[in-house]
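Undergrad: Fold the stuff below for me.
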Amino acid sequence: MGKKLFLIAGIFFSLAPPAQTKDETFIRRIADEILVNSKAYDNLRTLTKTIGGRLAGSPQMYQAEEWGYQLLKESGSEHTFKQECMVPHWVRGGKDEAWAFPRAVPLRKTAEKIKRPLDITALGNTEGTGPGGITAPVVLINSFEELETKKDQLKGKIVFYNYHFNPRFIRTFEAYSDAVKYRTRGTSLAAKYGALASMVRSMSHSVDNNPHTGGMRYDTAYKKIPAVAVGLRDADWLAAELSKGSPIFVSLKTMGHFLPDAKGHNIIGELKGTEFPNEIITIGGHLDSWDICEGAHDDGAGITQTIEILRAYKALGYRPKRTIRFVLFANEENGTRGAAQYADEAAKNHEKHLLALESDAGGFTPRGFGVTCSDAQFEQLKSWAPLLEPYGTGRFTRGGGGTDVLFIHEKLNVPMAELLPDSQRYFDIHHARSDVFEAVNKRELDLGAVNIAALIYLVDQHGF
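TA: Numbers count the residues shown, from 1 in each chain. The predicted structure is shown next:
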């Protein structure tokens with residue numbers, strides 16, 4: 001933009017546009033490089049369509065590890081290595097099936113006209129029913145408080161938790177945090193009172209019928225019973241029928257079980273610092289995903305953004321002051337063993353980490369960053385807001401970080417952060433078969449990489 005002339009009191013004055021700072025100029029270069037030349041979308045296509053779902057211990061996990069290792073090297077990593085960790089190996093074991101009936105009759109004798117299939121998926125880490133399945137009456141439970149009032153009615157039954165996502169939460173992760181306890185804890189609480197199995201309304205406010213899987217935890221004090229999630233439309237139908245007082249029986253068949261732990265790896269690339277090589281900044285996402293989907297938003301987006309930032313820095317000839325690590329974490333979904341190993345290795349090696357940032361909230365339009373840090377560090381971040389506002393993320397909020405970087409935060413008191421994309425569509429597809437490559441928008445994916453790269457650049461240049 002050239003000079004502008006202004007007439008004041010008959011005299012022309014020239015006003016040149018303000019000179020850009022060094023940081024503004026380089027962040028603009030980062031944005032141009034990624035928005036014009038990004039490989040993230042193509043890399044995501046390969047990860048999702050060629051490899052697919054990548055549950056810990058699966059053959060696809062190993063394919064993804066090798067893909068990530070080679071791609072980090074091709075993208076310019078100066079030191080690429082695998083960090084070994086033992087990961088849980090849960091397998092689904094077959095097709096998950098459920099049918100609803102107005103009375104208890106064996107499936108093989110049930111007339112087609114009274115059989116209603118339910119769209120379900122076994123929850124991760126659950127024990128299956130076995131090939132014979134389970135048939136039992138269903139008890140509707142809308143809250144843990146109601147569970148206690150009906151505890152004497154649960155023996156030999158299937159407990160159906162119909163707790164809805166709260167639509168009043170504008171930030172949908174708050175709705176998830178509010179509801180997810182029914183997925184993680186509900187099964188063992190049902191078993192405590194003699195239930196044979198549990199069903200949970202999927203963790204979503206979607207309008208489709210895709211069931212959403214996810215990890216659950218058994219309380220070792222109680223029997224391990226099967227647990228499934230049911231699609232929202234089927235959940236609504238089941239709740240409506242039970243609310244009428246209609247007796248409903250469900251036949252479940254799931255085959256989930258554990259195999260011995262498998263050897264997995266965090267896949268790590270580095271750009272070595274030129275001035276402070278012993279100060280480390282971590283960027284990452286998790287390489288694994290649930291088996292029923294392609295894991296495009298969760299967390300293929302974070303993985304390909306991480307690798308794209310490395311590629312862009314190298315393409316620009318950027319030589320960081322501090323060492324930047326690009327980490328593809330193992331086993332976030334059903335064990336967090338990769339994150340724990342990364343933190344343990346950092347502690348054992350007495351490493352100094354300035355910041356650990358994760359992208360694990362989908363590849364949607366970036367809105368800001370959530371950060372857990374000191375007051376002084378938060379003020380420093382706010383001073384950088386004008387540099388990020390042109391690209392969509394000038395807003396910093398207290399709290400946040402991501403599951404994988406939580407471990408190093410807790411072990412070494414490392415400040416942690418997470419990219420906060422727009423969340424309104426995330427739980428439509430989270431842990432569901434609809435989390436596929438086609439659900440990701442290239443422009444949004446690239447803008448996320450731009451903003452992470454810009455923030456990491458600022459931390460590298462100015463310290464934290």
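Undergrad: for the chain, what are the low-confidence residue spans?
TA: Counting by pLDDT under 70, the chain contains low-confidence ranges at 1-19, 104-113.
Undergrad: mind running it again at 50?
TA: Counting by pLDDT under 50, the chain contains low-confidence ranges at 1-3, 5-6, 8, 12-14, 16, 110-111.
Undergrad: From the recorded domain assignment, give the ranges for it.
TA: 23-89+260-462, 97-255 (automatic domain parsing).
Undergrad: Give me whichever of those domains is most buried.
TA: For the domains of the chain, average neighbour numbers computed from mean count of other CB atoms under 10 Å are highest in domain 23-89+260-462, which has a mean of 21. For every residue, glycine as well, the C-beta is placed using N, CA and C.
Undergrad: So what's the gap between it and the chain middle?
TA: Put simply, domain 23-89+260-462 sits 11 Å off its chain's centre (CA atoms, centre = their mean, to the nearest Å).
Undergrad: gap between the two ends of that domain?
TA: 10 Å (CA to CA, to the nearest Å).
Undergrad: Skip ahead from the strand ranked longest in the chain and say which helix or strand is next.
TA: Counting residues, the longest strand found in the chain (DSSP state E) is strand 257-271. Using DSSP states H and E, the helix or strand that follows strand 257-271 in sequence is strand 276-286.
Undergrad: got the CA positions of that next one in CSV?
TA: Output of strand 276-286 as CSV, limited to C-alpha atoms (Å, rounded to 0.1, in the frame of the first residue of the first chain):
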residue,chain,number,x,y,z
PHE,A,276,18.8,-22.6,23.3
PRO,A,277,18.7,-26.2,22.1
ASN,A,278,18.0,-27.5,25.5
GLU,A,279,14.7,-25.6,25.7
ILE,A,280,11.9,-27.6,24.2
ILE,A,281,8.6,-26.6,22.7
THR,A,282,6.2,-29.5,21.9
ILE,A,283,3.5,-29.5,19.2
GLY,A,284,1.4,-32.6,18.7
GLY,A,285,-1.7,-34.6,18.2
HIS,A,286,-2.6,-38.3,18.7
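Undergrad: Chain neighbours aside, what residue packs nearest to residue 396?
TA: Of all residues not flanking residue 396 in the chain, residue 381 sits nearest, at 4.8 Å (CB to CB, 6 or more residues apart in numbering).
Undergrad: What of residue 393?
TA: Spatially, and ignoring its direct neighbours in sequence, residue 393 is nearest to residue 451 (4.3 Å; CB to CB, 6+ apart).
Undergrad: so which strand or helix has residue 60?
TA: With DSSP H and E as the test, residue 60 turns up in helix 59-74.
Undergrad: Can you name every helix or strand that the first helix or strand past that helix going along the chain contacts?
TA: Counting by DSSP H and E, the next helix or strand C-terminal to helix 59-74 is strand 79-91. With contacts taken as 3 or more CB pairs under 8 Å, 6 or more residues apart in numbering; DSSP states H and E, strand 79-91 sits against helix 59-74, strand 257-271, helix 337-348.
Undergrad: Including distance to residue 140, could these go into a markdown table?
TA: Formatted as a markdown table, those follow (distance: least, CB to CB, whole Å):
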| stretch | distance to residue 140 |
| --- | --- |
| helix 59-74 | 37 |
| strand 257-271 | 29 |
| helix 337-348 | 36 |
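Undergrad: Of all these, which one is nearest residue 446?
TA: helix 59-74 (16.7 Å; CB to CB).
Undergrad: any idea how far residue 345 lies from residue 87?
TA: 15 Å (CB to CB, to the nearest Å).
Undergrad: And for residue 235?
TA: Distance of residue 235 to residue 87, given as CB to CB: 31 Å.
Undergrad: Now residue 386: which helix or strand?
TA: helix 385-388.
Undergrad: next structured bit after that helix?
TA: Counting by DSSP H and E, the element after helix 385-388 in chain order, helix or strand, is strand 395-398.
Undergrad: what's the closest non-adjacent residue to residue 424?
TA: Closest to residue 424 by CB to CB, 6+ apart is residue 172, at 6.3 Å.
Undergrad: circling back to that earlier point, show me what the helix holding residue 386 is in contact with.
TA: Residues outside helix 385-388 that contact it (CB atoms under 8 Å, 6 or more residues apart in numbering) are 23, 24, 27, 394, 395, 396, 451, 454, 455, 458.
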